[in-house]
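[1] Quick one, structure for this:
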Amino acid sequence: MNDLSIPPYFTIAACELTTQVSTSSGAGGQHVNKTSTKVTLRWNIGTSTSIKENQRQRLLDKLANRINKKKEIVVHCDQTRSQYKNHQIVREKLLSILQQALHKPKKRKATRPTKGSIERRLKAKKKRAEVKRNRSSFD
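    This is a model prediction of the structure:
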């Protein structure tokens, strides 16, 4: 198994990733009972040496509902009948999860309304007020 690179953040060493295979459920007939195609990938965030402390804390906060008590993130895949393809899919899933968790959204810059938008708003308010004023003048 190769290292898993999460650009531009870090690379997880292959020795930190634990892969387990088991028999998959679902379609496949008798073949499904004989072959181990389901792939489970585990990565322990708490003991990883590949990440910095601030990245570790961000991952633990963002992925709190996906992490078990051992501080492991566990990803499963049994989509295909090929162990190799499931292995690729599970690595892509982990990559996607980590990239989303580590992405920091840009801070919103407060802006002021333009002069034109203020004028249009006030004009619309005056027009609406005139309509209401005209309704009540039937006395």
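[2] So what's the predicted local confidence for H87?
    Here the pLDDT value assigned to H87 is 93.
[3] hey, where'd the helices end up in the protein?
    Ranges of helices in the chain, per DSSP state H, are 31-34, 53-62, 83-102, 115-135.
[4] Deepest-packed of these, please.
    helix 83-102 (a mean of 17; mean count of other CB atoms under 10 Å). Placement of C-beta: from N, CA and C, glycine included.
[5] That one packs against which elements?
    strand 4-6, strand 38-44, helix 53-62, strand 72-77 (3 or more CB pairs under 8 Å, 6 or more residues apart in numbering; DSSP states H and E).
[6] Does the longest one pack against any helices or strands, and if so which?
    Identification of packing neighbours for helix 53-62 by 3+ CB pairs under 8 Å, 6+ apart yields helix 83-102.
[7] relative orientation of the helix it packs on and helix 53-62 in degrees?
    100 degrees (axes from the mean of the first three to the mean of the last three CA atoms, to 10 degrees).
[8] contact partners of helix 83-102?
    Identification of contacts with helix 83-102 by CB atoms under 8 Å, 6 or more residues apart in numbering yields 4, 6, 9, 19, 21, 35-41, 43, 55, 58-59, 62-63, 66, 73, 75-80.
[9] now swap in stretch 63-72 and tell me
    42-47, 60, 73-74, 97, 101.
[10] Return the members of these classed as buried.
    Listed as buried from these are 42-43, 45, 73-74, 97, 101; burial here means 16 or more other CB atoms under 10 Å.
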